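J.: Structure for the following, please:
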Amino acid sequence: MTPAVPGSALLDLVAVMDRLRSPGGCPWDAQQTHTSLLPYLVEESYEVVDAVENGTRQDLREELGDVLLQVVFHARVAQEDPQQPFDIDDVAATLVAKLERRHPHVFAGQAAAEDLQAGWDAIKATEKRRASVLDGIPLQLPALARAEKVLGRLQRGGLDDPDEPGEELTEEQVGAELLRLVRRARAAGVDPEAALRTATRALEVQARRAEGAAR
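T.: Numbers count the residues shown, from 1 in each chain. I've put the predicted structure just below:
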């Protein structure tokens with residue numbers, strides 16, 4: 001049953017997590033740390049992807065709940081930190097403030113930028129004091145996802161030119177082409193994941209040098 005007040009069920013979740021983590025709760029939950037929980041966060045995130053692409057609405061609802069549990073679990077662990085504690089309310093308040101800052105055309109009465117992505121990038125760069133358009137891209141991303149992220153940042157920053165428009169490619173064609181490349185790499189004894197990471201790192205080094213020269 002949907003709660004009468006949107007979000008009120010989240011309070012129940014926080015209370016359940018508190019009980020599991022507190023004395024008399026679950027021994028396994030009480031032993032977990034930010035580090036020990038990381039594999040579950042990664043796994044649950046991929047399960048959301050699978051639910052979107054292949055599952056039912058019920059599957060998606062359940063998997064989103066599992067990701068939400070990870071957020072609440074990490075916040076509960078953080079609450080116990082003796083030096084720099086924070087809780088789920090701090091997490092939510094930080095997110096609210098960020099969303100409001102990054103949508104000035106909605107919350108601050110400013111006119112919407114013609115290029116919302118460029119405006120978003122500019123706000124993030126100011127907030128995080130990034131020296132490079134490439135700062136903040138996680139090294140842990142899978143090689144293909146990271147390469148796409150790096151190219152996107154570089155192209156928006158004018159540091160890499162996208163390919164000239166040619167024949168239109170479908171998702172099926174791109175997938176088949178990537179699969180053929182992986183097959184060739186396997187036949188040659190080359191790890192395609194490592195090869196793409198190496199090529200992406202080389203592109204990043206080149207781009208950072210170009211940024212430095214332009215300053």
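J.: pLDDT weak spots in the protein?
T.: Using pLDDT under 70 as the threshold, the predicted model of the chain has low-confidence ranges 1-3, 112-115, 118, 120-121, 123-126, 128, 164-166.
J.: any idea which residue of it is furthest from its center?
T.: Each residue of the chain has a distance to the centre, and by Cα atoms, centre = their mean the biggest one is for residue 24: 34.7 Å.
J.: Which of the three states applies to residue 86?
T.: Following DSSP: H, G, I helix; E, B strand; the rest coil, residue 86 is assigned to coil.
J.: re the thing from before, for the residue farthest from the centre of the chain, grab phi and psi.
T.: In terms of degrees, to the nearest 10, the main-chain angles of residue 24 are phi 90, psi 0.
J.: Let me know the distance separating it from residue 15.
T.: Note on residue 24: its distance to residue 15, by Cβ to Cβ, to the nearest Å, is 14 Å. Any C-beta I mention is one placed from the backbone N, CA and C, and that applies to glycine too.
J.: Send me stretch 64-72 as CSV with only the CA atoms.
T.: Listed next in CSV are the C-alpha coordinates belonging to stretch 64-72 (Å, rounded to 0.1, in the frame of the first residue of the first chain):
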residue,chain,number,x,y,z
LEU,A,64,15.7,-0.2,-6.6
GLY,A,65,14.9,-1.1,-3.0
ASP,A,66,18.1,-3.0,-2.7
VAL,A,67,20.1,0.0,-3.9
LEU,A,68,18.2,2.2,-1.5
LEU,A,69,19.1,-0.2,1.3
GLN,A,70,22.8,0.2,0.5
VAL,A,71,22.5,4.0,0.8
VAL,A,72,20.7,3.7,4.2
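J.: next one: that stretch to chain centre, how far?
T.: How far stretch 64-72 lies from its chain's middle: 14 Å, per Cα atoms, centre = their mean, to the nearest Å.
J.: same thing with stretch 12-19?
T.: A distance of 25 Å separates the C-alpha centroid of stretch 12-19 from that of its chain, computed with Cα atoms, centre = their mean.
J.: what about residue 84, how many neighbours?
T.: As a burial measure, the neighbour count of residue 84 was computed by other Cβ atoms under 10 Å and equals 6.
J.: And the helices in the chain?
T.: Listed in chain order, the helices found in the chain under DSSP state H are 8-21, 27-31, 34-54, 57-79, 88-102, 104-107, 116-128, 143-156, 171-187, 192-214.
J.: How far away from the center of its chain is the fifth one?
T.: Which is helix 88-102. Computed by Cα atoms, centre = their mean, the chain-centroid distance of helix 88-102 equals 16 Å.
J.: I appreciate the help and will end here.
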